[in-house]
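Chemist: Below are the sequence and a predicted model; questions follow.
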Amino acid sequence: MPAVRLSPTSYVVLGMIALRGPSTPYDLKRAVGHSVGYFWNFPHAQLYSEPDRLTVAGLLALSVEDTGRRRKTYSITGAGREALRSWLASPTDEHFQMRDIAELKLFFNEVGDPANVPNLAAEQIKQHEQRIAVYEGMVERFGDDPASRPRMITLELGLEMEHAALRFWTALAEGDLDRLRRARKA
């Protein structure tokens, strides 16, 4: 079996199949859209190409329908499960990554029209309020389900980050960033 370098997307594919069971690339795309896609963004086309690469490496097994659409279904192998468990067991020294278009626009705001900043803040307040509502809905639907409890930890982190962003954009919109600074010192 050829050695293969595993990327975060590789682990997303392995992890989703480990959680869900045998999956088609379309199944993976849908599952990612309702789970890790909230905090780990990548081109969904990778969910169609990465399983084949992991199959060649012996980390996934492939079955293809004999008739009809000849749909490909992937399942995790023992080697794939071991690679995933090994990755999960090793701590990471990589710092949290964020790619936020609003933050990028805020950074360059002095080049544009200053009136754009309040508009940006207002839109971000709306976006973060909507995401908080989605996450809180997930807590209501799945919070008491013992099978979902391990994934709810990630949802709590997402809620904390959304609330922090909402506090920032609200303070910016109200012209009161000093309030945030005082709260951090308290």
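Modeler: Structure's in. What do you need?

Chemist: mind listing what's buried in the helix or strand bottoming out on mean pLDDT in the chain?
Modeler: Least confident helix or strand of the chain, by mean pLDDT, DSSP states H and E, is helix 101-107 with a mean of 90. Neighbour-count burial for helix 101-107 flags residue 106 (criterion: 16 or more other C-beta atoms under 10 Å). (C-beta placed from N, C-alpha, C; glycine too.)

Chemist: helices or strands up against it?
Modeler: helix 116-142 (3 or more C-beta pairs under 8 Å, 6 or more residues apart in numbering; DSSP states H and E).

Chemist: quick one: buried residues of the helix it packs on?
Modeler: 117, 120, 121, 124, 125, 128, 131, 132, 135, 138.

Chemist: got it, and stretch 16-25?
Modeler: 16, 17, 18, 23, 24, 25.

Chemist: Quick one: the strands in this structure, in order.
Modeler: 60-64, 72-76 (DSSP state E).

Chemist: re earlier: please narrow the buried residues of stretch 16-25 to those residing in helices.
Modeler: 16, 17, 18, 25 (DSSP state H).

Chemist: Apart from its neighbours in sequence, what residue is nearest the second one?
Modeler: In space, and not counting its chain neighbours, residue 17 is closest to residue 76: 4.8 Å by C-beta to C-beta, 6 or more residues apart in numbering.

Chemist: quick one: contacts for that neighbour?
Modeler: Each residue near residue 76 by C-beta atoms under 8 Å, 6 or more residues apart in numbering is listed here: 14, 17, 18, 59, 60, 61, 84.

Chemist: for these, which one is nearest residue 8?
Modeler: For these, the closest approach to residue 8 (C-beta to C-beta) belongs to residue 14, at 10.7 Å.

Chemist: so how many other residues sit close to that closest one?
Modeler: Residue 14: 26 surrounding residues under other C-beta atoms under 10 Å.

Chemist: these two touch, right, it and residue 82?
Modeler: No - in this structure residue 14 lies outside contact range of residue 82 using C-beta atoms under 8 Å: 10.2 Å.

Chemist: Phi first, then psi, for residue 91.
Modeler: When read as degrees, to the nearest 10, the backbone of residue 91 gives phi -70, psi 160.

Chemist: so who does it touch?
Modeler: So residue 91 contacts nothing (C-beta under 8 Å, 6+ apart).

Chemist: what about it, distance to residue 68?
Modeler: Applying C-beta to C-beta, to the nearest Å, the value for residue 91 to residue 68 is 45 Å.

Chemist: ditto for residue 100
Modeler: 43 Å.

Chemist: Residue 5 now?
Modeler: Distance, residue 5 to residue 68, using C-beta to C-beta: 35 Å.

Chemist: Equivalent analysis for residue 166, please.
Modeler: Separation of residue 166 from residue 68 (C-beta to C-beta): 47 Å.
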